[in-house]
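Student: Next one to model:
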Amino acid sequence: MLRSLHKLVIKIWWAWFYTLAALQTILYFPILVIILMLPRGYAKLFWIARNLWSRIILHGSGFYLSFENQHKLKTETNCLIIANHTSYMDIFLMFILNKTPFTFVGKKELYSIPIFGYVYKRAAILVDRSNSKSRHEVYGRANKLLEEGYNICLFPETNYLDETAVLADFKHGAFKIAIENKLPIIPIVMFDCKLKFPWHPIFGKPGQLRAKVLDKIEVNDLTEEDIPELIDKTRKIMKDELLADPKKAPLKAANKYRELQKK
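Tutor: Here you go, the predicted structure:
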């Protein structure tokens, strides 16, 4: 009885999250359409996403934030920001954490969402991961946005939906962008999202969401041949940080899913 009630409460909480996201998208839509027509309109859209949309969704869903080493995001040049992807909440955390506008590289499937898709298509670099041509075109679009002064943000995990993994293997695309453009890589780890608000409404609860900015990784002297080594190095740094979490949140989340798979 208690377990069924708990599942019902979680589903209601998730419905509230979607309601907050949808209502804001509808409310802001006319303004966003106008903003995207303006020169440098994306910077204004980013301000709305960071200061209104993300904060209302996160705080309205019962979360409060704790950031460590936020000052490490300040760079004299453009940078490539990467992070582990564990929850829908990751995107909102990334907006609030970063004061400098960045553009997400995101999956093309989200373009099909009514209203949101219109803005998403014009605000993100879309990629169809099943299409090699689409994957290749990402580099050209990323280069153009970098020239306009925006940073690039990417979640590099190959299978981020694997809830039993603390950190999945990485795709090489993010690292190719970094090396081609001589962009320093700034890794970010998010500790609590997978435990507090996982991909599926199985468990979770409101509370603190923590993120930590790690040391910048320079790529000035690297070539494409160095990508495998760079991937291994970056992934190890991030995974070690996740495993070293004093609260063990990433491990608890992975273990919870393993236990649920056995039932």
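
Student: Pass me the low-pLDDT residue ranges in the protein, would you?
Tutor: In the predicted model, the chain carries pLDDT under 70 at residues 1-2, 108-113, 115, 128-139, 263.

Student: Show me which helix runs longest in it.
Tutor: helix 2-35 (DSSP state H).

Student: Pretty sure residue 21 sits against residue 56.
Tutor: No: contact between residue 21 and residue 56 fails when scored by Cβ atoms under 8 Å: they sit 9.1 Å apart. All C-beta atoms are positioned from the backbone trio N, CA, C, and that covers glycine.

Student: Just want to know which of the two has more residues nearby.
Tutor: Neighbours per residue (other Cβ atoms under 10 Å) separate residue 21 from residue 56, with residue 21 holding more: 19 against 15.

Student: For the stretch 51-200 of the chain, just list every one of the strands.
Tutor: Listed in chain order, the strands of the stretch 51-200 of the chain (DSSP state E, counting those that start in this stretch) span 63-68, 80-83, 102-107, 125-127, 151-154, 185-190.

Student: want to throw those into JSON lines with mean neighbour count and distance to residue 13?
Tutor: What follows is these, written out as JSON lines (neighbours: other Cβ atoms under 10 Å; distance: least, Cβ to Cβ, whole Å):
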{"stretch": "strand 63-68", "mean neighbour count": "15", "distance to residue 13": "11"}
{"stretch": "strand 80-83", "mean neighbour count": "25", "distance to residue 13": "24"}
{"stretch": "strand 102-107", "mean neighbour count": "19", "distance to residue 13": "25"}
{"stretch": "strand 125-127", "mean neighbour count": "20", "distance to residue 13": "30"}
{"stretch": "strand 151-154", "mean neighbour count": "24", "distance to residue 13": "27"}
{"stretch": "strand 185-190", "mean neighbour count": "24", "distance to residue 13": "19"}
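
Student: I'd like the ones you listed as TSV, with distance to residue 203 appended.
Tutor: Shown next, in TSV, are these (distance: least, Cβ to Cβ, whole Å):
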stretch	distance to residue 203
strand 63-68	15
strand 80-83	22
strand 102-107	25
strand 125-127	31
strand 151-154	28
strand 185-190	17
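
Student: for those strands, which one sits closest to residue 210?
Tutor: Closest to residue 210 of the strands of the stretch 51-200 of the chain is strand 63-68 (Cβ to Cβ; 4.7 Å).

Student: Which strands border the closest one, and is each parallel or antiparallel?
Tutor: strand 207-213 (parallel) (DSSP bridges).

Student: what's the spacing between the following helix or strand past the partner strand and its chain's center?
Tutor: Using DSSP states H and E, the helix or strand that directly follows strand 207-213 along the chain is helix 227-243. Relative to its chain's centre, helix 227-243 lies at 17 Å (Cα atoms, centre = their mean, to the nearest Å).

Student: okay, the angle between helix 227-243 and strand 185-190?
Tutor: Helix 227-243 and strand 185-190 are oriented at 30 degrees to each other (axes from the mean of the first three to the mean of the last three Cα atoms, to 10 degrees).

Student: The strands of the stretch 51-200 of the chain: which one's closest to residue 141?
Tutor: Of all the strands of the stretch 51-200 of the chain, it is strand 125-127 that lies closest to residue 141, at 4.8 Å by Cβ to Cβ.

Student: Could you name the helices and strands sitting against that closest one?
Tutor: Helices and strands touching strand 125-127, by 3 or more Cβ pairs under 8 Å, 6 or more residues apart in numbering; DSSP states H and E, are strand 102-107, helix 132-147.

Student: So in that sheet, which strands flank that strand, and in what orientation?
Tutor: Sheet pairing of strand 125-127 (DSSP bridges) gives strand 102-107 (parallel).

Student: Would you mind pulling the contact partners of stretch 8-27?
Tutor: Residues outside stretch 8-27 that contact it (Cβ atoms under 8 Å, 6 or more residues apart in numbering): 52-53, 56-57, 60-62, 88, 115-116, 119, 197, 201-204, 206.

Student: Stretch 216-228 too?
Tutor: For stretch 216-228, the surrounding residues in contact (Cβ under 8 Å, 6+ apart) are 72, 75, 79, 172, 175-176, 178-179, 182-187, 230, 233-234, 237.
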